[in-house]
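> This is the structure alone, sequence omitted:
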């Protein structure tokens, strides 16, 4: 009986239909949990990587850009390339001030700010889609920013809806709702609607 100490899987699920891919990735997770063998799993599928991985190494042009636990990389990507690779869609230029970060949307309440190199005048704020809330109803201290934005695009798939929002400054951001979440909205969301938006502090990251 073969008892390998390491398994190397090079995009094993890439050519499968979605049903088979979902079933087999659960099977791979079960096998790893039960036999404990180290598995090097190469994939371009972001969801697959975060579903299966205990540790992730992100590569580009043959070099490792960042490695660590999935939650750590999601919380603090080391640069914009890594942030793009892990699926961050929203990047906002900001100027650090003692009162917070100043952006095209206005001031983001992130105090105290993380330690920055002396003389840093510009940073990039990464905003994951899940940290953007339509019609915010939570306590104010949850949000780094609240304001109104216009719905300028809707892209609907079988499970979710990607919503593009545009501020009066011209700055665009994107968020994603499940179809269930969209159905729970008090009114249907349509292109041209101006709605209140809240951006959570949790999930935001600063890149120098």
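Cool, got the structure. This one's a predicted model, so the numbers in the text were calculated from it and none came from an experiment.

> Please enumerate the strands of the chain.
Under the criterion DSSP state E, strands of the chain are mapped to 6-10, 38-42, 56-60, 63-68, 90-97, 100-103, 106-108, 123-127, 132-134, 143-156, 160-166, 172-178, 194-200, 205-207.

> Looking at those, spot the one closest to residue 76.
For residue 76, the closest of the strands of the chain is strand 205-207, at 5.5 Å, according to CB to CB. For glycine as for every other residue, the C-beta is placed from the backbone atoms N, C-alpha and C.

> and the closest residue to residue 7 other than its chain neighbours, how many neighbours?
When the adjacent residues along the chain are set aside, residue 7 lies closest to residue 39, with 4.7 Å between them (CB to CB, 6 or more residues apart in numbering). For residue 39, the neighbour count with other CB atoms under 10 Å is 18.

> Next up, the contacts around residue 39.
With contacts defined as CB atoms under 8 Å, 6 or more residues apart in numbering, residue 39 is in contact with 6, 7, 9, 28, 32, 52.

> List only buried entries from the residues you listed.
28, 32, 52 (16 or more other CB atoms under 10 Å).

> Would you agree the first one is in contact with residue 43?
No - Residue 28 is beyond contact range of residue 43, at 10.9 Å (criterion: CB atoms under 8 Å).

> Pass me the low-pLDDT residue ranges in the protein, would you?
1-2 (pLDDT under 70).

> buried set for the longest helix along it?
Counting residues, the longest helix found in the chain (DSSP state H) is helix 18-35. For helix 18-35, the buried set under the neighbour-count rule, 16+ other CB under 10 Å, comprises 21, 25, 28, 32.

> can you check stretch 192-208 too?
When burial is assessed from 16+ other CB under 10 Å, stretch 192-208 yields the following buried residues: 193, 197, 198, 199, 200, 203, 204, 205, 206, 207.
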